[in-house]
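Q: Attaching a predicted model along with its sequence, questions to come.
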Amino acid sequence: MNKIYFRFVLILMLFSQVMLWSQDSKQIIIQHSDFLDISEKEVPGAIVLTGNVIIIHEGVRMTCNKAYHFTKSNFVKIFGNVNMVQGDTLFMNSKYAEYNGNTKFAYATGDVVMRDPKMTLATDTINFDRSSQQAYYNSRGTIRDPENTLVSNSGRYYLNQKKFQFLEAVTVTNPRQTIKTNHLDYYTNSGHAYVFGPSTITSTTNTIYTIKGFYDTKKDEGKLQKGSKITYKDRLIEGDDIYYDRKLDFARAKNNVKVTDTINNFVLKGNYAEVYKQKDSMFITKKAVAITLFEKDSVYFHAKKLLVTGKPKNRIIRGSNNARFFKKDMSGKCDSIHYDQKRGLTQMIGKPIFWNGKNQMTGDVMHLISDAKTEKVDSLKVLNNAFIISKDTIGEGFNQVKGQNLFGKFKDNKLHEVDVVKNTEVIFYMRNEKNELIGINKNVSSKINMILEDNNIETITFFTNVDGIIYPEEELPENARKLKGFIWRGDEQILTKEDIFPKEELELDAKAQKESKAKSKDIDIPMEPSKETLEYDKLKVEKKVVVKKKKK
């Protein structure tokens, strides 16, 4: 009887002490319990609370089936149907939990589920620091929000920022794409994802690879930095800075841009590009170059602006403003260039000039025709004011042929046979087998046929209304050795692929490389969240207010 009385008194004393402590806001408050007991043998220094237990501490309400309240240390252990609620923003359920009132630190384990208005986290164990408003876990966890499902082996949740951070393997999935990375900052309110380190974003249409990037999972828009690329079945897009809109299937790339057409062995390079996949359209500028394959040899097209359109095997390249091209033994430039892959037709428009070996050709319009099947250059047309000039093999003179139109046939990438028709004129330095000058042939006729070997004129045949004289060198004055309209532009000849870029394009490239080098210093630093990410809820409210005002 005395033991029962003593125990009753002790419980009353402890209960009174608890009531006094409850007046201190830092102390854990036991608001309700069906039963209260003390068992020094079972739980030394604790009050045992059983049945409909309600515990309060600084804005947190905890309920459970049973609890141990360690009053001196301001600490509780709670069991069975544990429910922890912080205001109206955080809810956590588990089988077991611990809470320290002094440090405001909670530990929960056993089928833990943490929820806020935007997401649900399910894992085995969670640690929650209320002082910093951070929760972290090191057991496999699954996060779900209206847009995505995230699975990882560990993570940290910043409640104030509504941000999850993962520093180990994490996978984000939704019906449109899957994100895999080892470093992810994910904002549950906006659906914004910031990845760092080798990361992939995969959909049914393409795969994005980046080592530093941002992706808006709601809008399906991404911003990718150095080392990034977008891979389609027939196309690869690379660049230092890439913006991507999945809904429009549109990509905009800046600095060191490379677009590879894997079906056509075709490459676009430059420092600014726009790619519209659904429209089969690509635009590139700032040291732009299109590289395509002919006869197992690359052809380089350049212009200030290059536009590529059309389905695979039916591409069209349009180059405007200072267009140029280079191929082994062949090059040219003009105001604009138009290449039709299906027809095998390259049109040079606006003051065209074409070089084949040592031969310079000009005219109003030029057409290069290739065989679409063999991809070999087949023929050349020069329409209106056709003019061919080549230096004499030994002397300082120039062989010249002019007429209204020119039609040429190629053999092994070199002009082999040429017909010049209508109002033709010729000045030709004739030499014998010892390369001794025989005389200078000055001739006019209706048509000329020439056979060339290794880009040198071997024979010339004149047709209809032929009128000409072979002059000894000393009898033909210098001022009579050039046909009307003669302009030698040998110093402009494009001899290497680097020569296709004018000075201003090289300056643009130098500027782009300088910018890329400056940004590369930050490549090992994760991307900072944007203002839109940090102020998402605020901006969303402001937008709604503006819309409401407009309606009035």
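A: Cool, got the structure. Numbers count the residues shown, from 1 in each chain.

Q: From the opening residue of stretch 172-188 to its closing one, how far?
A: Terminal residues of stretch 172-188 lie 12 Å apart, using CA to CA, to the nearest Å.

Q: roughly how far out does it sit from the chain middle?
A: Taking CA atoms, centre = their mean, to the nearest Å, the mean C-alpha location of stretch 172-188 is offset from the chain mean by 18 Å.

Q: avg pLDDT for that stretch?
A: Mean per-residue pLDDT for stretch 172-188: 94.

Q: What are the buried residues along that stretch?
A: Neighbour-count burial for stretch 172-188, counted by 16 or more other CB atoms under 10 Å, picks out 172, 174, 177, 179-181, 183-188. C-beta: built from backbone N, CA, C; applies to glycine.

Q: ok, so of those residues, who is nearest Val289?
A: Relative to Val289, the closest of the buried residues of stretch 172-188 is Gln177; by CB to CB it sits at 31.9 Å.

Q: gap between that closest one and Pro526?
A: 21 Å (CB to CB, to the nearest Å).

Q: Report whether Gln404 is found in a helix, as I expect.
A: No: judged by DSSP: H, G, I helix; E, B strand; the rest coil, Gln404 forms no part of a helix; its state is strand.

Q: thinking it is in contact with Asn384, fair?
A: Yes: under the criterion of CB atoms under 8 Å, Gln404 makes contact with Asn384 at 6.4 Å.

Q: out of these two, which sits in the more crowded spot?
A: Gln404 (16 against 11; other CB atoms under 10 Å).

Q: Which residues are in contact with the closest residue to the more buried one other than its chain neighbours?
A: Leaving aside its sequence neighbours, Gln404 sits nearest to Lys422 (CB to CB, 6 or more residues apart in numbering; 3.8 Å). The contact partners of Lys422, taken as CB atoms under 8 Å, 6 or more residues apart in numbering, are 403-405, 446-447.

Q: Check which helix or strand the most centrally placed residue in the chain maps to.
A: The centre of the chain sits closest to Ile242, judged by CA atoms, centre = their mean, with a distance of 3.4 Å. Assigned by DSSP states H and E, Ile242 belongs to strand 241-245.

Q: counting contacts, what elements does that strand pack onto?
A: Applying 3 or more CB pairs under 8 Å, 6 or more residues apart in numbering; DSSP states H and E, one finds that strand 241-245 makes contact with strand 221-224, strand 228-231, strand 250-261.

Q: what would these look like in TSV with distance to Ile291, mean pLDDT and mean neighbour count?
A: Formatted as TSV, the helices and strands packed on strand 241-245 follow (distance: least, CB to CB, whole Å; pLDDT from 0 to 100; neighbours: other CB atoms under 10 Å):
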stretch	distance to Ile291	mean pLDDT	mean neighbour count
strand 221-224	23	94	23
strand 228-231	17	93	21
strand 250-261	9	93	21
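
Q: picking that back up, which SS state does the residue nearest to Gln404 fall under?
A: strand.

Q: so how far is Lys328 from it?
A: Distance from Lys422 to Lys328, by CB to CB: 32 Å.

Q: what do you get for Thr285?
A: In terms of CB to CB, Thr285 sits 26 Å off from Lys328.

Q: Out of those two, name the residue with the larger neighbour count.
A: Thr285 (20 against 12).

Q: beta partners for the more buried one?
A: Legend: beta-bridge partners of Thr285 under DSSP bridges are Tyr272, Lys305.

Q: From the buried residues of stretch 172-188, pick the one nearest Gly485.
A: The nearest one, if we look at those relative to Gly485 and count by CB to CB, is Gln177, at 61.2 Å.

Q: on that earlier part again, contact partners for the residue nearest to the residue nearest to the centre of the chain when sequence neighbours are not counted?
A: Spatial nearest neighbour of Ile242, chain neighbours left out: Leu224 (4.3 Å); criterion: CB to CB, 6+ apart. Applying CB under 8 Å, 6+ apart, we find Leu224 in contact with 208, 210, 212-214, 241-244.

Q: again, only using 7 Å
A: 208, 210, 213, 242, 244 (CB atoms under 7 Å, 6 or more residues apart in numbering).

Q: With Ser370 instead?
A: So Ser370 contacts 294, 344, 376-378 (CB under 7 Å, 6+ apart).

Q: May I ask which of the residues you listed has the most neighbours?
A: So for the contacts of Ser370 (other CB under 10 Å), the most neighbours sit at Val377, 27 neighbours.

Q: for Lys286, what are its contacts?
A: Lys286 neighbours (CB under 7 Å, 6+ apart): 270-272, 508, 512.

Q: again, only this time at 10 Å
A: Lys286 makes contact with 254-255, 257, 270-273, 304-305, 505, 508-509, 511-512 under the criterion CB atoms under 10 Å, 6 or more residues apart in numbering.

Q: Kindly give a single PyMOL line that selects the buried subset of those.
A: Here is the PyMOL selection string for the buried members of these, based on 16+ other CB under 10 Å:
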select buried, resi 254+255+257+270+271+272+273+304+305+505+508+509+512
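
Q: would TSV of the contacts of Lys286 with distance to Asn127 be doable?
A: Output for those, formatted as TSV (distance: CB to CB, whole Å):
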residue	distance to Asn127
Lys254	43
Asn255	43
Val257	46
Gly270	51
Asn271	48
Tyr272	48
Ala273	47
Lys304	59
Lys305	57
Glu505	57
Leu508	53
Asp509	52
Lys511	50
Ala512	47
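
Q: Going by distance to Ile494, which of the contacts of Lys286 wins?
A: Nearest member of the contacts of Lys286 to Ile494, counting by CB to CB, is Glu505, at 13.4 Å.

Q: Wait, a strand at the closest one?
A: No: read with three-state DSSP, Glu505 is helix and lies in no strand.

Q: That one and Thr285 touch, don't they?
A: Yes: contact criterion CB atoms under 10 Å: Glu505 and Thr285 qualify, at 9.4 Å.

Q: shared neighbours of the two, which are they?
A: 270-271, 303-304.

Q: what's the most distant pair in these?
A: Asn271 and Ala303 (14.1 Å).

Q: Run through the strands of the stretch 451-552 of the chain in chain order.
A: Assigned strands in the stretch 451-552 of the chain, in chain order: 456-463, 467-471 (criterion: DSSP state E, counting those that start in this stretch).

Q: can you list contacts of the last one?
A: This means strand 467-471. 425-428, 430, 438-445, 462, 475-477, 480-481.

Q: ok, 7 Å please
A: By CB under 7 Å, 6+ apart, strand 467-471 touches 430, 439-444.

Q: Narrow these to just the buried residues.
A: Burial by neighbour count, 16+ other CB under 10 Å: within the contacts of strand 467-471 this picks out 439-444.

Q: Now, those that are in strands?
A: The strands, defined by DSSP state E, take in 439-444 from the buried ones among the contacts of strand 467-471.

Q: Dump those to CSV, plus distance to Gly319 and pLDDT.
A: Converted to CSV, those look like this (distance: CB to CB, whole Å; pLDDT from 0 to 100):
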residue, distance to Gly319, pLDDT
Gly439, 44, 90
Ile440, 39, 91
Asn441, 39, 91
Lys442, 39, 92
Asn443, 38, 91
Val444, 37, 92
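
Q: Tell me which two in these are the farthest apart.
A: Gly439 and Val444 (16.6 Å).

Q: Could you tell me the end-to-end distance of stretch 134-148?
A: End-to-end distance of stretch 134-148 (CA to CA): 21 Å.

Q: same check, this time on stretch 113-125
A: 9 Å.

Q: That one: how far from the chain's middle?
A: 34 Å.

Q: May I see the buried residues of it?
A: 113-116, 119, 121-123, 125.
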